[in-house]
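Engineer: I would like to see how this sequence folds:
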Amino acid sequence: MTRYIFITGGVVSSLGKGIASAALGALLQARGYKVRLRKLDPYLNVDPGTMSPRQHGEVFVTDDGAETDLDLGHYERFTGVSARQDDNITTGRIYSTIIERERRGDYLGATIQVIPHVTNEIKEFVLSDAGEGVDFVLCEIGGTVGDIEGLPFFEAIRQLGQELGSERACFIHLTLLPYIPAAGEMKTKPTQHSVKELRSIGIQPQILLCRCDRPIPETEKGKIASFCNVRLASVIEARDVGHIYDVPAAYHAEGLDREVLWHFRMEDAPKPDLARWDGIAHTVHNPDGEVCIGLVGKYTDVPDAYKSVAEALVHGGLANNVRVNVKLINSEEFDDDHKPLDILEGVDGIILPGGFGARGARGKMRAARFARERKVPCFGICYGMQLAVVEAARNLAGIEMAATSEFGPTDEPVVGLMSEWTKDNQKVTRDATTDMGGTMRLGAYPARLREGSRVAEIYGSNDISERHRHRYEVNVGYVERLEAAGMTFSGMSPDGLLPEIIELENHPWFIGVQYHPELKSRPFEPHPLFASFIGAAVTQSRLV
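Structural biologist: Numbers count the residues shown, from 1 in each chain. Prediction:
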């Protein structure tokens, strides 16, 4: 029997519903249960694929090619369960589906309304196949209770609570307990009002997860329990911790998983095995040293734009038992060739993450050249790899006008849409289903690695599968000239038409990949490329 846990938020946004959901999933897993996590987003975009990173943070991509909310990255990292297309839905996608059906006449002339048509669509999504043997489905509802755009979602889960009954549905509400220094008190009123708002639409939470920066006095817990109509033991302290990977153990210590199982009358559940989380926490807080990685990107004013990259760097640190300090560097600041790159002096490694557009591209290429000439470990991802190739084409291979057609027409499209370039003076064609002409390559694609290459050694295999999110490709027609200049194309698509990985010869560690390896990295299973990159940075730190 699959049970459903609905996680809502109140008072303010950014309280950490995604981390809370992921941590609870990890705790239930640690007790031997099988979990799946889903996210319901109230915004009208069909998906976050076209949204600015400055508004929404990174776009997380699944194996099956879905562009999803970044919280699905938390879910994967904490549980190791790969997300799917049907684990994230938005208001835009729901309405698109309903309108398409209405235009086809599927509703037989009925008047289409929020209730029941929209709410039924939401319920169908929540109850859709979670996979064989799944014990718990955790559904996070984006936004904050009281937001007008979230009302259909709250109504849908209210109905599900009635239909499934308490033996199969549980509501957890995440709130804020602010401390007012002038009064010297922790205030419970925001939580009381948030729960009142939730109850006014028919949802009584069974568990309150209370974010705070200090211990909650027992008197305040009692007040919350009384006014919010929950058990005293179900008022769970969610105090700030030193690191996000401390959250599962902290929530377990406060009894979150115990209360969930009590609600479902599963008190005889196995005790959790938190050994691997304890091990991760020990490594995080007791490193053998530290390295500094310069992350050169164009959205550095919004750290969530590179959330998975930052986490994968942490995982690489765990693999090498070191702390990774990430220095966020805005590539736009040195688009001007005359501006010195002093900010890169002293870093132990440089990472060039993905992105789009010409702004800040010159700065990224200058950073790639700095890393290449100074022998600093460098890791180019997607757009970062493409710009590293353009830089090498100009300054190593002597192709002065080398460019990417993403910036506009060029006589030397070292990077471009497949429809723009040729191989051996013949137009390159692939099956129509994979022609990237005006679309994006999304999701998992295979690649074949060159025997004896550095990446083959790092992966321990010559065949890999990684997640992509890009529209432009490195032009295979330039491979020979670039290899003659010292750049090895050590990974290609199985048909040999799409360069996937480059390495620089005579360099301690310079690798660029067309895909996004950060999306598959886990704290308990660091991605091999990130583990190797941080290992190279550790070596670099000892040389400086």
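Engineer: so how many other residues sit close to residue 186?
Structural biologist: 18 (other C-beta atoms under 10 Å). Any C-beta I mention is one placed from the backbone N, CA and C, and that applies to glycine too.
Engineer: Check the one 3 residues further on too.
Structural biologist: Residue 189 is surrounded by 12 other residues when neighbours are defined as other C-beta under 10 Å.
Engineer: how about the strands in the stretch 51-200 of the chain?
Structural biologist: For the stretch 51-200 of the chain, the strands defined by DSSP state E, counting those that start in this stretch occupy 60-61, 67-68, 88-90, 136-141, 169-176, 179-180, 185-186.
Engineer: Please name whichever of those strands is nearest to residue 445.
Structural biologist: strand 60-61 (11.3 Å; C-beta to C-beta).
Engineer: quick one on the thing from earlier: mean neighbour count, the strands of the stretch 51-200 of the chain: which tops it?
Structural biologist: Of all those, strand 60-61 has the most neighbours on average by mean count of other C-beta atoms under 10 Å, namely a mean of 26.
Engineer: Distance to residue 212 for the strands of the stretch 51-200 of the chain - can I get that in JSON lines?
Structural biologist: Converted to JSON lines, those look like this (distance: least, C-beta to C-beta, whole Å):
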{"stretch": "strand 60-61", "distance to residue 212": "28"}
{"stretch": "strand 67-68", "distance to residue 212": "30"}
{"stretch": "strand 88-90", "distance to residue 212": "29"}
{"stretch": "strand 136-141", "distance to residue 212": "20"}
{"stretch": "strand 169-176", "distance to residue 212": "8"}
{"stretch": "strand 179-180", "distance to residue 212": "7"}
{"stretch": "strand 185-186", "distance to residue 212": "7"}
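Engineer: want to throw the ones you listed into JSON lines with distance to residue 531 and mean pLDDT?
Structural biologist: Formatted as JSON lines, the strands of the stretch 51-200 of the chain follow (distance: least, C-beta to C-beta, whole Å; pLDDT from 0 to 100):
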{"stretch": "strand 60-61", "distance to residue 531": "21", "mean pLDDT": "96"}
{"stretch": "strand 67-68", "distance to residue 531": "25", "mean pLDDT": "94"}
{"stretch": "strand 88-90", "distance to residue 531": "28", "mean pLDDT": "95"}
{"stretch": "strand 136-141", "distance to residue 531": "29", "mean pLDDT": "98"}
{"stretch": "strand 169-176", "distance to residue 531": "33", "mean pLDDT": "97"}
{"stretch": "strand 179-180", "distance to residue 531": "40", "mean pLDDT": "94"}
{"stretch": "strand 185-186", "distance to residue 531": "42", "mean pLDDT": "92"}
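Engineer: Residue 489 contacts residue 499, doesn't it?
Structural biologist: Yes - at 5.0 Å, residue 489 counts as touching residue 499 under the criterion of C-beta atoms under 8 Å.
Engineer: what do these two both touch?
Structural biologist: Common neighbours of residue 489 and residue 499, counting by C-beta atoms under 8 Å, 6 or more residues apart in numbering, are residue 479.
Engineer: Those two - which one has more neighbours?
Structural biologist: With neighbours defined as other C-beta under 10 Å, residue 489 and residue 499 compare such that residue 499 has more, 27 against 21.
Engineer: give the contact list for that one.
Structural biologist: For residue 499, the contact set (C-beta under 8 Å, 6+ apart) comprises 389, 473-474, 476, 479, 489, 491-492, 514.
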